[in-house]
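Engineer: what follows is a predicted structure for the sequence shown.
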Amino acid sequence: MDLETVRVERRDGIAIVSLARPDEHNALTPVMNSELTFVAHSLASDPSVGAAVLRGDGSDFSVGADLNACLPVILDGTNDERRSMLQQAYDWVFAFASFPKPLVTAVRGIVAGSGVSMTALGHFRLAASDTIFYPAFTQLGLVGDCGFMHLLPPLIGTPRTRELLSFRKSLDVDTAYAWGFVSSIVGAADLDDSAIRAARTAASVPAATWAACEELLARADPGTLQADLERELTSQLVLLASPQFAQRLNELRDRR
């Protein structure tokens, strides 16, 4: 596949996957969703890759879904078309959540919506000191998606996940670290190098040992994960067709 919105580099057994739409703050489009799934599967089966880093070009990791790219289907598409669009995103969620090698997510700047979910996919989650997280889902009348409802509770607990969805419009990086969502805070200039070092250290663990540890930790049981993602996707489809989402969306567009 010729990649348009994702870039992959390899450095001594470490794959560096970059979201490559910096002018759009790495907003996720259907094309990017498909490319992320392709990359995740390719790297998972590549014996020369020992670990991967997932990062974003530019000043922001990702602002989540690109509303301009998604709105035509959300507003005018059929339910089957909406499901197909959401499924494209859930394909990369499942691919990275079941990634068989160490995965480091390295985030900076604004991390919003499904960008928060993407951050949570990392076995190790590094954040620059300028990072701020905006879940934003419930402000639009939606549930957390792209695995948010499955991935966040094991990291920060159900009560804090509920607080993040209900009361907090944003989460600063120091609180994210205190809650366990972020593994480490580093200077913005050191983020990429720190992420590569972390990936290289993790990759030094024998592959069979890593796989055995992951199986015992049961971090991403495929059956449970698949069922949780399906429930989340189904709930999101119902809410995308609801009056409250239409109202919140109109309010957001008016503010812009």
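Structural biologist: Good, I have the coordinates.

Engineer: quick one: end-to-end distance for stretch 232-247.
Structural biologist: End-to-end span of stretch 232-247 (Cα to Cα, to the nearest Å): 21 Å.

Engineer: no, scratch that, I was asking about stretch 9-17
Structural biologist: End-to-end distance for stretch 9-17, by Cα to Cα: 7 Å.

Engineer: so which residues make contact with it?
Structural biologist: Outside stretch 9-17, the residues within contact range by Cβ atoms under 8 Å, 6 or more residues apart in numbering are 6-8, 18, 36, 39, 43, 46, 48-55, 192, 196, 199-200, 203. Every residue, glycine included, has its C-beta placed from N, CA and C.

Engineer: which among the residues you listed count as buried?
Structural biologist: Buried residues within these, counting neighbours by 16 or more other Cβ atoms under 10 Å: 6, 8, 18, 36, 39, 43, 49-55, 192, 196, 199-200, 203.

Engineer: keep only those of the residues you listed that are in helices.
Structural biologist: Mapping those onto helices (DSSP state H) picks out 36, 39, 43, 192, 196, 199-200, 203.

Engineer: farthest pair in these?
Structural biologist: Leu36 and Arg200 (22.4 Å; Cβ to Cβ).

Engineer: Thr105: what secondary structure?
Structural biologist: Here Thr105 is strand, with the state taken from DSSP: H, G, I helix; E, B strand; the rest coil.

Engineer: wait, it sits on Leu54?
Structural biologist: Yes. The criterion here is Cβ atoms under 8 Å, and Thr105 meets it with Leu54 at 4.9 Å.

Engineer: give the residues shared as contacts by those two.
Structural biologist: With Cβ under 8 Å, 6+ apart, Thr105 and Leu54 have common neighbours 118, 121-122.

Engineer: closest to Thr224 among the residues you listed?
Structural biologist: Among the shared contacts of Thr105 and Leu54, and counting by Cβ to Cβ, the member closest to Thr224 is Leu121, at 15.4 Å.

Engineer: where does pLDDT dip in the stretch 51-200 of the chain?
Structural biologist: Judged by pLDDT under 70, the stretch 51-200 of the chain has no weakly predicted residues.

Engineer: mind listing the helices for it?
Structural biologist: 67-76, 79-97, 114-120, 148-156, 158-166, 173-179, 191-203 (DSSP state H, counting those that start in this stretch).

Engineer: rewinding a little: what subset of the shared contacts of Thr105 and Leu54 is buried?
Structural biologist: 118, 121-122.

Engineer: let's have these in TSV, adding distance to Val111.
Structural biologist: Formatted as TSV, these follow (distance: Cβ to Cβ, whole Å):
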residue	distance to Val111
Met118	8
Leu121	12
Gly122	12
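
Engineer: ok, so of those, who is nearest Glu251?
Structural biologist: Met118 (25.8 Å).

Engineer: follow-up on the earlier one: check the helices of the stretch 51-200 of the chain for me and report the most buried one.
Structural biologist: helix 114-120 (a mean of 27; mean count of other Cβ atoms under 10 Å).

Engineer: who does it touch, helix- and strand-wise?
Structural biologist: Counting contacts by 3 or more Cβ pairs under 8 Å, 6 or more residues apart in numbering; DSSP states H and E, helix 114-120 packs against helix 79-97, strand 103-107, strand 132-134, helix 148-156.

Engineer: centre of the chain to it, how far?
Structural biologist: 3 Å (Cα atoms, centre = their mean, to the nearest Å).

Engineer: just the C-alphas of it, formatted as PDB.
Structural biologist: The C-alpha trace of helix 114-120 is given here as PDB (Å, rounded to 0.1, in the frame of the first residue of the first chain):
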ATOM      1  CA  SER A 114      -9.800   9.200  19.600                       C
ATOM      2  CA  GLY A 115      -6.200  10.500  19.900                       C
ATOM      3  CA  VAL A 116      -6.700   9.800  23.700                       C
ATOM      4  CA  SER A 117      -7.800   6.300  22.900                       C
ATOM      5  CA  MET A 118      -4.800   5.900  20.600                       C
ATOM      6  CA  THR A 119      -2.400   7.000  23.400                       C
ATOM      7  CA  ALA A 120      -3.900   4.300  25.700                       C
END
